[in-house]
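A.B. asks: just the structure for this:
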Amino acid sequence: MEAVHEHDHGHDHPSGIMRWVTTTNHKDIGTMYLWFSFTMFLVGGVMALVIRAELFQPGLQVVEPEFFNQMTTLHGLIMVFGAIMPAFVGFANWQIPMMIGAPDMAFPRMNNWSFWLLPPAAMLLVISMFVPGGSAGVGWTLYAPLTVQQGMGMDLVIFAVHILGMSSIMGSINIITTILNMRAPGMTMMKMPLFVWTWLITAYLLIAAMPVLAGAVTMTLTDRHFGTNFFNAAGGGDPVLFQHIFWFFGHPEVYIIAIPAFGVVSQVLPAFSRKPLFGYASMVYATASIAILSFLVWAHHMYTVGMPVEAQLYYMFATMLIAVPTGVKVFNWVATMWKGSLTFETPMLFAIGFLFLFTLGGFTGLVLSLTPVDVQLHDTYYVVAHFHYVMVAGALFSAFAGVYFWLPKWIGKMYDEKLGKLHFWLSIIFFNVTFFVQHFSGLAGMPRRIPDYALQFADFNMISSIGAFGFGLSQLLFLYILVKAIRSGEKAPEKPWEGADTLEWTHLPTPAPYHSFETPPTVK
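C.D. replies: Numbers count the residues shown, from 1 in each chain. Predicted structure coming up:
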């Protein structure tokens with residue numbers, strides 16, 4: 001392993017900014033991913049607040065409709081590819097080598113490149129707003145035929161998507177190789193912490209799904225500039241073909257976001273329940289089942305395109321089937337807490353918040369799986385509410401749980417517990433104020449991605465906008481907590497979460513997640 005740790009052998013190692021530009025250390029790279037994702041989270045959040053400011057009242061007040069459409073497009077792309085995915089890749093970089101007892105990732109140089117592809121891609125997305133004609137006001141799903149007619153901002157978005165995909169694929173190759181080849185002796189696959197399992201499965205999903213998106217945007221590019229007619233109906237192309245290709249990527253993508261979140265929660269809940277995860281093997285199999293099924297349900301996003309009723313029936317049943325392994329996971333998480341010696345520090349609060357709200361988001365997803373219901377609710381705010389319950393309460397809350405849980409390990413200092421709990425309560429309250437009412441707007445028929453609306457939706461939209469600004473401002477508290485912990489936090493104890501209150505836990509088996517704090521023993 002000399003090559004990996006050449007900086008340990010007396011070679012000059014750069015300092016200052018070059019240390020970060022050239023680093024091959026998985027911890028440095030994990031840190032960069034996490035700070036990048038938080039920066040993008042704030043950028044995407046500001047875009048969401050522009051949307052909510054415009055929708056605070058009926059009528060046009062803050063922005064032009066075209067700019068509003070650019071905000072919906074970029075908010076989605078930046079949150080998915082810039083905020084949530086890099087956050088979990090940051091967790092993977094930090095935790096996987098330590099959890100499996102590896103000295104670093106398998107390909108440290110490639111790891112560095114995977115990260116440094118992200119800032120240029122993010123800049124392309126943001127710059128696309130400022131080119132003539134503005135960025136692509138087409139929604140984050142980039143549906144043809146609009147994308148074939150947009151200005152050059154669309155080309156920047158296509159290029160950005162390609163770069164983001166390259167980063168994801170290289171990161172995934174690295175994660176798979178590391179997990180399969182670099183585990184400590186004695187650590188079999190079925191002894192790995194669940195977080196490692198979820199990332200192994202997610203990495204395979206990324207390698208299978210990202211090239212499909214690359215294909216979709218490349219076909220869009222050739223339609224725009226090279227005279228092809230993949231999606232241009234005037235030339236004999238088929239706009240619905242784009243939707244098929246996009247959602248064959250897009251549905252696995254939502255699980256690419258959710259599955260690492262499941263992994264984080266599967267580390268946090270046992271630690272604060274002080275007992276091992278219930279049903280470890282069934283969790284592994286359930287996660288794998290979800291991953292496989294995620295490729296078989298894509299057209300439930302397309303019930304309204306006029307596909308044959310037999311196809312609608314198939315997608316309806318296949319989609320309902322995903323509820324089974326997901327239900328297994330929720331049952332196991334609840335069973336893990338059952339009769340545990342629970343304490344409610346910030347990571348546990350976020351994990352339990354995840355459990356409640358992700359389950360609610362799952363139920364609204366089950367509602368939308370029913371073809372006749374979805375035909376009514378398609379492209380309404382009910383769908384917006386559903387996927388924000390899954391993405392924000394699902395992915396983001398578990399990311400917060402992971403940061404609070406592992407921060408003492410990463411920086412050797414403790415965060416302010418009172419402020420952490422305040423961050424949790426502000427976040428969960430404002431989140432529900434923002435998104436719960438959107439179910440009602442959607443059921444009443446309010447369409448999404450529109451800058452103006454009928455008077456009947458005014459009250460719910462006002463509530464939603466107030467909640468959104470509250471939620472956004474609450475995240476500045478999170479930034480303050482992080483900076484305060486890094487600068488002046490108390491020194492963390494060796495096992496920060498052991499016996500999290502005054503009781504002694506000596507009579508209990510060591511909780512499973514202490515993989516995350518100790519290198520596994522080497523078997524002689």
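A.B. asks: what's the local residue count around residue 422?
C.D. replies: Using other Cβ atoms under 10 Å, residue 422 has 15 neighbouring residues. Yep, even glycine has a C-beta here, placed from its N, CA and C like the rest.
A.B. asks: state the distance from it to residue 477.
C.D. replies: Residue 422 sits 7 Å away from residue 477, going by Cβ to Cβ, to the nearest Å.
A.B. asks: overlap in contacts of those two?
C.D. replies: Applying Cβ atoms under 8 Å, 6 or more residues apart in numbering, one finds that no residue jointly contacts residue 422 and residue 477.
A.B. asks: three-state assignment of residue 230?
C.D. replies: Put simply, residue 230 is coil when judged by DSSP: H, G, I helix; E, B strand; the rest coil.
A.B. asks: burial check on it, number of neighbours?
C.D. replies: Neighbours of residue 230 under the rule other Cβ under 10 Å: 21.
A.B. asks: ok, now which ones touch it?
C.D. replies: Counting by Cβ under 8 Å, 6+ apart, residue 230 makes contact with 144, 219-220, 222-223, 237-238, 241-242.
A.B. asks: who wins for most neighbours among those?
C.D. replies: Neighbour max across these (other Cβ under 10 Å) = residue 220, 31 neighbours.
A.B. asks: which neighbouring elements make contact with the host helix or strand of it?
C.D. replies: Applying DSSP states H and E as the criterion places residue 220 in helix 194-225. Packing partners of helix 194-225 (3 or more Cβ pairs under 8 Å, 6 or more residues apart in numbering; DSSP states H and E): helix 85-100, helix 146-149, helix 153-181, helix 239-273, helix 280-293.
A.B. asks: got the angle for that helix vs helix 239-273?
C.D. replies: Counting by axes from the mean of the first three to the mean of the last three Cα atoms, to 10 degrees, helix 194-225 points 160 degrees away from the direction of helix 239-273.
A.B. asks: in this structure, where is pLDDT below threshold?
C.D. replies: 1-12, 499-524 (pLDDT under 70).
A.B. asks: which residues in it form strands?
C.D. replies: Along the chain, no stretch is classed among the strands by DSSP state E.
A.B. asks: pretty sure residue 496 is touching residue 408, no?
C.D. replies: Yes - using Cβ atoms under 8 Å, residue 496 is in contact with residue 408, at 4.0 Å.
A.B. asks: between these two, which one's more packed in?
C.D. replies: Legend: neighbour count by other Cβ under 10 Å for residue 496 and residue 408, higher for residue 408 (22 against 18).
A.B. asks: for the more buried one, give me its contacts.
C.D. replies: 414-415, 492-493, 496.
A.B. asks: let's see that with 7 Å instead.
C.D. replies: If you count contacts by Cβ atoms under 7 Å, 6 or more residues apart in numbering, residue 408 has them with 414, 492, 496.
A.B. asks: what about the first one, distance to residue 489?
C.D. replies: This means residue 414. Per Cβ to Cβ, residue 414 is found 5 Å from residue 489.
A.B. asks: what about those two, which has more around it?
C.D. replies: residue 489 (19 against 16).
A.B. asks: nearest spatial neighbour of the more buried one, chain-adjacent residues omitted?
C.D. replies: Once flanking residues are discounted, residue 489 sits nearest to residue 413: 3.2 Å by Cβ to Cβ, 6 or more residues apart in numbering.
A.B. asks: got the contact list for the one you found?
C.D. replies: Per Cβ under 7 Å, 6+ apart, neighbours of residue 413: 485-486, 489-492.
A.B. asks: how much space between it and residue 484?
C.D. replies: 10 Å.
A.B. asks: just residue 32 next, same as before
C.D. replies: In this view, residue 32 and residue 484 are 21 Å apart by Cβ to Cβ.
A.B. asks: in terms of neighbours, single out the busier of these two.
C.D. replies: Neighbour count, other Cβ under 10 Å: between residue 32 and residue 484, residue 32 has more, with 21 against 14.
A.B. asks: count of neighbours near the nearest residue to the more buried one once chain neighbours are set aside?
C.D. replies: For residue 32, ignoring the flanking residues on the chain, the nearest one in space by Cβ to Cβ, 6+ apart is residue 115 at 5.4 Å. Neighbourhood size, residue 115 [other Cβ under 10 Å]: 24.
A.B. asks: same check, this time on residue 379
C.D. replies: Neighbours of residue 379 under the rule other Cβ under 10 Å: 15.
A.B. asks: same question, residue 236
C.D. replies: By other Cβ under 10 Å, neighbour count at residue 236 equals 8.
A.B. asks: that one reaches residue 229, doesn't it?
C.D. replies: Yes - contact criterion Cβ atoms under 7 Å: residue 236 and residue 229 qualify, at 5.4 Å.
A.B. asks: show me what contacts the nearest residue to residue 295 once chain neighbours are set aside?
C.D. replies: Leaving aside its chain neighbours, residue 295 sits nearest to residue 252 (5.8 Å; criterion: Cβ to Cβ, 6+ apart). Neighbouring residues of residue 252 by Cβ under 7 Å, 6+ apart: 205, 208-209, 294-295.
A.B. asks: so which pair among those residues is furthest apart in space?
C.D. replies: The most widely separated members of the contacts of residue 252 are 208 and 294, with 9.7 Å between them, by Cβ to Cβ.
A.B. asks: between those two, which one's more packed in?
C.D. replies: Using other Cβ under 10 Å, the more surrounded residue of residue 208 and residue 294 is residue 294, with 21 against 17.
A.B. asks: so that one makes contact with residue 255?
C.D. replies: Yes - Residue 294 is within contact range of residue 255, at 4.4 Å (criterion: Cβ under 7 Å).
A.B. asks: where along the stretch 251-400 of the chain do the helices fall?
C.D. replies: 280-293, 309-337, 346-369, 371-377, 381-390, 397-411 (DSSP state H, counting those that start in this stretch).
A.B. asks: can I get these in CSV with distance to residue 157?
C.D. replies: Shown next, in CSV, are the helices of the stretch 251-400 of the chain (distance: least, Cβ to Cβ, whole Å):
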stretch, distance to residue 157
helix 280-293, 28
helix 309-337, 28
helix 346-369, 27
helix 371-377, 28
helix 381-390, 20
helix 397-411, 25
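A.B. asks: what subset of the contacts of residue 413 is buried?
C.D. replies: The neighbour-count test (16 or more other Cβ atoms under 10 Å) marks 485, 489, 492 as buried among these.
A.B. asks: list the buried ones in stretch 437-452?
C.D. replies: For stretch 437-452, using 16+ other Cβ under 10 Å, the buried residues are 437-442, 446, 448-449, 451.
A.B. asks: send me it as PDB with only the CA atoms.
C.D. replies: Provided in PDB are the C-alpha atoms of stretch 437-452 (Å, rounded to 0.1, in the frame of the first residue of the first chain):
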ATOM      1  CA  VAL A 437     -50.300  21.500   2.800                       C
ATOM      2  CA  GLN A 438     -49.100  20.800  -0.700                       C
ATOM      3  CA  HIS A 439     -50.900  17.500  -0.600                       C
ATOM      4  CA  PHE A 440     -54.200  19.500  -0.300                       C
ATOM      5  CA  SER A 441     -53.300  22.000  -3.000                       C
ATOM      6  CA  GLY A 442     -52.500  19.000  -5.300                       C
ATOM      7  CA  LEU A 443     -55.700  17.100  -4.400                       C
ATOM      8  CA  ALA A 444     -57.600  20.300  -5.300                       C
ATOM      9  CA  GLY A 445     -55.900  20.400  -8.600                       C
ATOM     10  CA  MET A 446     -53.100  22.900  -8.400                       C
ATOM     11  CA  PRO A 447     -50.500  22.200 -11.200                       C
ATOM     12  CA  ARG A 448     -46.800  22.300 -10.500                       C
ATOM     13  CA  ARG A 449     -44.200  24.400 -12.200                       C
ATOM     14  CA  ILE A 450     -46.400  27.400 -12.700                       C
ATOM     15  CA  PRO A 451     -45.700  31.000 -11.500                       C
ATOM     16  CA  ASP A 452     -49.300  32.000 -11.100                       C
END
